[in-house]
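A.B. asks: Take this sequence and fold it.
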Amino acid sequence: MEPDLKKAWTRAEVRGQLGAILVESLGVDPSMVTDDASLIHDLGAESIDFLDISFKAQQVFGVDLPTRLIQDQIVQWRNLSVLASVLAECHGVSVTGEELRTVTPSTVAAVFKYLREKHGLAVGDGAEPALAEAMAARLVSQMNRMGLDMGGIDTPRMANLLLENVHSPKVMEEVLQRFTVGALTRYLCDRLAAASRLSEDV
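C.D. replies: The predicted structure is shown next:
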């Protein structure tokens, strides 16, 4: 089925069609598909479900959802590729995520100790919290660019969590809670508006 790329959608129509897609893909009761519902934690979406949701959204709206991009970002966070790139930018050290995963414990302090011993990296006072803050800022920026509303997120708290555990599941939990029905609706509406295919609700 090819999408009608000439159709002008209202926000209400977008929300209704997205809700129908989620009910069909996830097998949930329509009453569960509220704007604040998290796709993963509240509606039980898994990786294979995101592929199905993205495919159906493309068929209906002609818009690609950022689900795959967000999943890719999560993988890069978990395998420490993002930490490696932040270290390269902030300290000019070339190290892979795979190498960083050998560091124990998984704290920023242990990472810097490893880099001093193995790579001769010299860092001054304050380097540890600054790295954790840079990682938290990177995560917020990346997710904002993919349509997730990261406004109001407690970035200093995220930085503190990353300082103590560069794999912190609590940080990802906070991000994934933002992956809501409302966030996807806004993303679709923004893309449709950019293509002049969004009209005012009547």
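A.B. asks: Need the single longest helix in this structure, by residues.
C.D. replies: Counting by DSSP state H, the longest helix found in the chain is helix 127-145.
A.B. asks: Give me the contacts around it.
C.D. replies: With Cβ atoms under 8 Å, 6 or more residues apart in numbering as the test, helix 127-145 has contacts from 70, 73, 77, 82-83, 86-87, 89-91, 108-109, 111-112, 150, 153, 155-156, 158-160, 162-163, 166, 171, 175, 178. Where C-beta positions appear, they are placed from N, C-alpha and C, glycine not excepted.
A.B. asks: Return the subset of the residues you listed lying in helices.
C.D. replies: 70, 73, 77, 82-83, 86-87, 89-91, 108-109, 111-112, 155-156, 158-160, 162-163, 171, 175.
A.B. asks: so where's this protein shaky on pLDDT?
C.D. replies: 1, 201-202 (pLDDT under 70).
A.B. asks: thinking again about what came up before, filter the contacts of helix 127-145 down to the buried ones, PyMOL style.
C.D. replies: With 16 or more other Cβ atoms under 10 Å as the criterion, this PyMOL line picks the buried residues out of those:
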select buried, resi 70+73+77+82+83+86+87+91+108+111+112+150+153+158+159+160+162+163+166+171+175+178
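A.B. asks: pretty sure Ser94 contacts Ala88?
C.D. replies: Yes. With contacts counted by Cβ atoms under 8 Å, Ser94 reaches Ala88, the gap being 6.1 Å.
A.B. asks: Give me the nearest residue to His91, chain neighbours excluded.
C.D. replies: Spatial nearest neighbour of His91, excluding adjacent residues (Cβ to Cβ, 6 or more residues apart in numbering): Leu121 at 6.1 Å.
A.B. asks: Check Val166 too.
C.D. replies: Ser106 (5.1 Å).
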